[in-house]
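Novice: Please find the sequence and the predicted model below.
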Amino acid sequence: MRNERSIDSLDRAIIAELEEDARLSNTELARRVGLTPAPCLRRVQRLERDGVIQGYHAAVDARSYDRGLEVIVAIDIAVNDGETIVDFESAAVAVPEVTEVRRMFGQPDYYLRVQVADPEAYEALAVNTLARLPAVSRLLSHQTMRLLKGRGAVDPR
C-alpha cells in the first residue's frame, strides 16, 4: 500500500543506491546520499512500508548453475478467451526454466524469458514443452548477443 506522500530527491537517491547495491550498510548509504544514519534508516523503512522498496535480491551468475543461455521467446496463442489465457499462463509459469512471463498489449501475446544450459537444452524445451503449452500458435526465439544495460551487463567499450 503506497503512501500518498511524494518521493523526493533524497528518496530517489536512496533508491538508486540500493538498486546499485542492496547490501550497503545504512551508514554507507547515509554517507552516499548526504544524510546521517538515523534519518536515512527512517526513510528506507518508510519506502519499504509504503511498498516502494519491495524486496532485496541477489544477482547470480546463471552460468554457474547451468542456466547460461538466455532466450527471449515471443508467443502468440490461438484463442484469447479467459479460460485459455488462465490455462496458458498457469502452464507457462510452472515451467522451471521460464524465469519471467509478460503478457503484452498487441503482438506477440506473451514474452517469456527462458534460461537453460545450452542450445540443445533450449531446443528440447522449445519442442517438448513450450510449443505444447495451451493454445500456442506461434513461437519465436531470440537469443541475446550481448547485454549492454541491465543486471549482468558488460561494458560495451
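Specialist: That came in fine, so what should we check first?
Novice: from the middle of its chain, how far away would whichever strand or helix holds R46 be?
Specialist: Secondary structure from DSSP states H and E places R46 in helix 37-49. With Cα atoms, centre = their mean, to the nearest Å as the basis, helix 37-49 stands 25 Å off its chain's centre.
Novice: for it, what is the average pLDDT?
Specialist: Helix 37-49 shows a mean pLDDT of 97.
Novice: so what does it touch, helix or strand wise?
Specialist: Packed against helix 37-49 by the contact rule (3 or more Cβ pairs under 8 Å, 6 or more residues apart in numbering; DSSP states H and E) you find helix 9-20, helix 26-33. In short, each C-beta sits where N, CA and C put it, glycine included.
Novice: and the last one, average pLDDT?
Specialist: Confidence over helix 26-33, taken as the mean pLDDT, stands at 97.
Novice: let's number from 9 now, not from 1
Specialist: Renumbered: residue one is now 9, and that last one reads helix 34-41.
Novice: any residues touching stretch 75-85, and which ones?
Specialist: 70, 92-93, 96, 100, 105, 115-127, 129-130, 134, 138, 141-152 (Cβ atoms under 8 Å, 6 or more residues apart in numbering).
Novice: residues touching A30, list them.
Specialist: Counting by Cβ under 8 Å, 6+ apart, A30 has contacts Y64, H65.
Novice: now it: how far from D126?
Specialist: As judged by Cβ to Cβ, to the nearest Å, A30 and D126 stand 31 Å apart.
Novice: and what of R13?
Specialist: 49 Å.
Novice: Repeat that for R40.
Specialist: 40 Å.
Novice: Comparing these two, which shows the higher neighbour count?
Specialist: R40 (16 against 10; other Cβ atoms under 10 Å).
Novice: List the beta-bridge partners for the residue nearest the centre of the chain.
Specialist: Nearest to the geometric centre of the chain sits E108, at 6.2 Å (Cα atoms, centre = their mean). On the basis of DSSP bridges, E108 is bridged to R121.
Novice: I'd like to check which residues are in contact with it.
Specialist: Y119, L120, R121.
Novice: try E56
Specialist: By Cβ under 8 Å, 6+ apart, E56 has no neighbours at all.
Novice: swap in T107?
Specialist: T107 neighbours (Cβ under 8 Å, 6+ apart): R121, V122, Q123.
Novice: what's the spacing between the residue located most distally from the centre of the chain and R51?
Specialist: Ranked by distance from the centre of the chain (Cα atoms, centre = their mean), the top residue is T44, with 32.3 Å. Noted for T44: a distance of 11 Å to R51, by Cβ to Cβ.
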